[in-house]
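**Q** what's the 3D shape of this:
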Amino acid sequence: VQYEKAREDRRAKVNALYKYIFEVLSAIVGLDLSIVEEMILDVPTFDPFDSFFAKGGRKSLKIFYQEGVARGAECGRIIPGVEKGSRILQFYVEKTPDKIKYSILYCFDNNNIFTLQEVSFGVLDASDGLLPGAKDVIEKVFLPAILETSNWGNLGQSKEDTKDKQNFVETIKKYISFLGGAAASIEGTVELEKIDHINFSELQTFDKITAAADNYDTVRQLEEVLMIWYRQIEHVLNESKQLRREAKDSGPLMELENWKYMSAKLNFIIEQIKGQNCKAVINVLKVAQSKVLKAWQELDGRITDAANESKDNVKYLSTLEIVCQPLYTTDVVLMTQGIPNLIKSVQMIHRVSKYYNTSERISSLLIKVTNQMVTTCKAYITDAGLNRVWDQETPIVIGKINECISLLKEYQKCFRETKQEPSEHLGERALEVSEMYIFGKSEAFCRRLEKIMEMIAIEQNFNALTRCAIEGVDLMAVKFKNIYHIFQKKPYDTLDPTVAEFDVDFVKFMSEVERLEVSNIMIYYNLLGKESIESLRLGLFQNLNMPCLQEETERTVGCILQHYVAELEATKKIYQAQKDDPPLARNMPPIAGKILWVRQLFRRVNEPISYFHKHSDILSSPEGKAVVQSYNKLAYVLVEFEVVYHDAWMKEISQLQYPLKIAIIENELKSKRMQLEVNLKIIAAEAVLRQGLTMLTWASVTLETFFLEAEQVLHVFRQLLRRVTVISDVRIGLLLKEISRTSLVSLPVDGPIKIEDLLADNEGYTKECAELLNVKSTLIEDAVLDLIDIFERHCGFLFPKPSESQGTFESKEKEKEKTPTEGSQSEDSKSSNKEEEFKKNCKDLTAYFSRRLLVSLQKATRLSLDRIRRRMVSKLFYSKSKDIPPFLKAEIHLDIPNLVIVPSLDDIQQAINRMIHLTMEVSRGVAQWGQRHLQKSILKTEPGTQQGGFGSHGKKAKKGEADEKVIRKLKNFYSGVAENEAVAKVILLLSSAGNSLKEGVSEVLQVFDKYKVLWTEDKDTKFQEFFATDPTLSEIKEEIVHYDTFEQEMKNFKPTILLGPLELHTG
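**A** This is a model prediction of the structure:
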């Protein structure tokens, strides 16, 4: 009861703070929150929690989750399913009875005032051991957080504060290395194999030892045990003598760690040898005078010597820890200052140490010193791997490289000075090591750094090319930048001297740079040879500060003068050869082209001499004076050439006034070809364009107005063409195409139908098609009339509308004959002929589009009938293509004594003929053009078809029937469609389509002939005749089976049989 009350008291303390920690524990261990809470309540006291939550209390809290003896009644409950004394996973607060093996949750408060926001949680996984777990937490959690943080409290950005930060980080890294080494030492210990079948505790007294020595079997067993341990220890000794596989950049402290590791391993084995079990075995074998003791004693001496060696080496190498600390920082100055002490410490170890006085051991140690120096220099240059060499500013990275080279040079200098110092004590050996072996890596690293500096210097030189305005040089800069960027993108470590790819790429880079330098020199010489003015701008080349050009620019001035002399001579030859017929620039007049040509020659020789005069005193030399004389002679000739041609042009320009007064439009034919009187629009256009024939010349000041008016009248014709094109292509062409593509029959798609339904559907459908096509025909007719109306208006003929007159051109002529001829008497014969010709053209235009409408109707009719034909002969002529489904239903009926199909083939053929008739009747519903006046007169005479009767919704059907009757009384396109050869050919094929099905129908009906006896013979008569023969049972059975087979076969018949266009139903 007391324990239960204490548990309830602990439960009463659980609040939100406890709950929050419980949730964290639940997420870590993967248990439900309620289970975690009950397990925490098993803890004897909550005092650590209370102290952690209290103000000013403890700043940390540790909760262990590991295996232990299950708690009893003192926890206040009975744990279900757990026996007393068994071991289970449970929680411990602040301390654990056993060594830590599993997870640890630690919490620490950053302030004295407890708040959840200021509490930090962490987990230490001790499954592999406490040291590896602590190492992982510091290395993977705390160190990355420290490296990423920018909040260092009072530490600023000064050099001293930055150094303190670096020292702090280095201390953490050293501690991580120490934890790793300690864990490796513990993990690397060798434990002698445990022997379970021998009780060593019984071999402690002299009597028992003697008794065991007298027992042959016991001695043999103990010898086997000792040999097992012998082989284990010998294996360890052999490993210690083998060469260790170390990293290529391992430092001197790694040597110390290795010997510490070996010392711990060997000392642990010696402790086991001195233990009671091993002593008991040795004592028994000594009394028994076993022969294996000799080998064991030899092994004992060997392991003792190895342990002493490792202990001695750890002792002396430990002196290097302090002097080697600068090697593990990124302070190159501190490293340089510590080199003398480091060399002296190594020399002291060589002189004093018993085992490190060989050249092999001391060389190995110095090589590790070199490795660490190179590694630290790489970290210093790259800011601990954060910035590549190519990404840093040039002055900064050059300074770092020079400091590293100075460090490595100082290292070699101090070593040589120490090596050459006379020994203070006689008999002491000097350092006898191979410098090439020790400093090979550092010298290779220095060579690598020098190559990198050379590349950076080259990049700076070529970077100046981007600021140069000389043609071709900027291209060299772009090429170098591409080469440099390709080198920068190499994936290997540039600072690693063992990477041979860098040297290969460096050779390629230098060869490319050499090629670019040669190209620059070639550009330089090309400018000297071609463009003297450009070659004189030596300042542009001098500002580049490129070594490949410095020597060349010093000798340039004299070469330029010689080149200029050749330039003068070349210009003289060009002038002499081309002065009579100089080359003219594109689209240049002759005189202006010649003046431009001579000015170019003058500029070619004048600009260089002007540059010499301003930027050099070479013209005052004897050679320069001779050049000035040659220049003056040539310049006088060139200027004179320009003046002569300019004066001649000024004299002749006055004579060019007359050509400018010529009309801008020339009438080549003397017959008044331009005076067309086609229509009013053309006459108006001619009136505008006539100004260009008569009044306007190329010197007129009103040319702009004339061109504007001409553009306006031409715009009218473009608008006319657009309207005509729209009517022809859209209002006429598209409708004709739609008519030709119209299907005039309605055939089933989803499945076959009866003949009656097919005819009923097409009765209504063909009427709708006739109405639709008639409407489209009317629209096309309206479009043609609009087109004629446009032509009338533009040609100046204003005839009355067809709707106002008789509707056709014949009726117009009759009307003209009946009307008075007062107006016609005033018109001349020429105007009358043009009017007659225009009317004829309009008739031809109407007839043309009417023929196109007929062709579209013929095509629509032919395609519609062809659809019926393809469906009727689907499997007879199209068996190779995809089968077309049937569209007609038929049934197989028993008409004793025969089988027939209903409807019969004759009925089907009659239905097809009716379909043909309905299709052809569509064209009968399309009235020919020019009959609108007849249609109106018929509507007036028909009773009940007045326009007033069409206004209500209830009489629409009557109106449609009346329209159809009216249209059928007019002339239509039926005869034109029916007389078409293609249409007639399809009708002929369809008229015999039913005959093609006779053979297939006969084959289908023949299938049922074997069952004819079922309906042709009387059942009772057949029964009496069979039993009159007094049949046996087997005969009766056979007869029954015979009719039963009939029954099964008839049941297996398909309900439908597909035969071409027919779907025959048997059920």
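
**Q** Look at the spatially closest residue to Val14 that is not a sequence neighbour and say how many residues are nearby.
**A** The spatial neighbour of Val14 that comes closest, neighbours along the chain excluded (Cβ to Cβ, 6 or more residues apart in numbering), is Glu37 at 7.0 Å. In this view, the C-beta of every residue, glycine as well, is placed from N, C-alpha and C. Under the neighbour criterion other Cβ atoms under 10 Å, Glu37 is assigned a count of 18.

**Q** Could you tell me the per-residue confidence at Glu37?
**A** pLDDT recorded at Glu37 is 85.

**Q** For it, pull up the helix or strand it's in.
**A** Taking DSSP states H and E as the criterion, Glu37 maps to helix 33-41.

**Q** Now stretch 753-770: buried residues?
**A** Across stretch 753-770, burial judged by 16 or more other Cβ atoms under 10 Å covers 753, 755, 758, 762, 765-767, 769-770.

**Q** Let me know the closest of those residues to Asp128.
**A** Asp128 lies nearest to Ile753 out of these, by Cβ to Cβ, at 84.3 Å.

**Q** Ramachandran angles for the closest one?
**A** The main-chain torsion angles of Ile753 are listed as degrees, to the nearest 10 and equal phi -130, psi 170.

**Q** quick one: the strands in the protein?
**A** 60-69, 87-93, 103-109, 119-125, 888-895, 898-902, 1056-1059, 1062-1065 (DSSP state E).

**Q** would TSV of those with mean neighbour count be doable?
**A** Compiled in TSV, the strands of the chain are given as follows (neighbours: other Cβ atoms under 10 Å):
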stretch	mean neighbour count
strand 60-69	18
strand 87-93	17
strand 103-109	18
strand 119-125	16
strand 888-895	17
strand 898-902	15
strand 1056-1059	17
strand 1062-1065	20
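
**Q** Now render those strands as TSV, adding distance to Lys490 and mean pLDDT.
**A** Conversion of the strands of the chain to TSV gives the following (distance: least, Cβ to Cβ, whole Å; pLDDT from 0 to 100):
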stretch	distance to Lys490	mean pLDDT
strand 60-69	49	80
strand 87-93	53	81
strand 103-109	45	66
strand 119-125	40	75
strand 888-895	81	82
strand 898-902	88	79
strand 1056-1059	75	82
strand 1062-1065	78	84
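
**Q** Show me the one of the ones you listed that comes nearest Ser621.
**A** When those are ranked by distance to Ser621, counting by Cβ to Cβ, first place goes to strand 119-125 at 86.0 Å.

**Q** So which other helices or strands are in contact with the closest one?
**A** Using 3 or more Cβ pairs under 8 Å, 6 or more residues apart in numbering; DSSP states H and E as the contact criterion, the elements in contact with strand 119-125 are strand 103-109, helix 130-137.

**Q** Can you spell out the domain ranges of the chain, please?
**A** Annotated domains of the chain cover 2-127, 188-318, 482-656, 999-1065 [automatic domain parsing].

**Q** And the shortest one, end to end?
**A** Pointing back at domain 999-1065 there. Between the opening and closing residues of domain 999-1065 lies a distance of 18 Å (Cα to Cα, to the nearest Å).

**Q** next one: stretch 577-587
**A** Criterion Cα to Cα; first-to-last residue distance in stretch 577-587 is 23 Å.

**Q** Run through who's touching that stretch.
**A** The contact list for stretch 577-587 (Cβ atoms under 8 Å, 6 or more residues apart in numbering) reads 590, 593-594, 596-598, 641.
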